[in-house]
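Peer 1: structure, please.
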Amino acid sequence: MLFLSAILICLGFLALALSLDRHYRDMLGGKLPAGRRLALRSGGWLLLALGLVTCCLARGGQLGPVWFLGLAALAALVVLAVMSVVPSWRRSG
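Peer 2: Predicted coordinates:
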């Protein structure tokens, strides 16, 4: 269940990052449409909320938020690493 939480949190942070014009352009190329920006922001927050819920279901109401914050820190590092590497792959390819 915590693995599912980690995946949800990673996807949530990735969606929130892609809702920004610069990150969207660097990762996917092109201009970010307004409708897609709203969908990415909404989806990102929804995925983070689902990650918190799954952590609370897995570890209870007292330790769930603690696990969520730990997984969120790790997920932010993973998304940061991916977003640092992918644009350089796009330039070289």
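
Peer 1: which residues of this structure fall in helices?
Peer 2: Assigned by DSSP state H, the helices in the chain fall at 2-18, 21-28, 34-92.

Peer 1: can those go into a markdown table with extra columns for mean neighbour count and mean pLDDT?
Peer 2: Quick note: C-beta positions are derived from backbone N, CA and C, even for glycine. As requested, the helices of the chain are exported to a markdown table (neighbours: other CB atoms under 10 Å; pLDDT from 0 to 100):
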| stretch | mean neighbour count | mean pLDDT |
| --- | --- | --- |
| helix 2-18 | 20 | 97 |
| helix 21-28 | 14 | 90 |
| helix 34-92 | 15 | 93 |
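
Peer 1: and the residue positioned nearest the centre of the chain, how far from Gly60?
Peer 2: Most central in the chain under CA atoms, centre = their mean is Phe13, positioned 1.9 Å from the mean C-alpha point. Per CB to CB, to the nearest Å, Phe13 is found 24 Å from Gly60.

Peer 1: so what's the residue found closest to Val78 once you drop the neighbours it is linked to in the chain up against?
Peer 2: Using CB to CB, 6 or more residues apart in numbering and skipping residues adjacent in sequence, the residue nearest Val78 is Cys10, 5.7 Å away. Taking CB atoms under 8 Å, 6 or more residues apart in numbering, we find Cys10 in contact with 75, 78-79.
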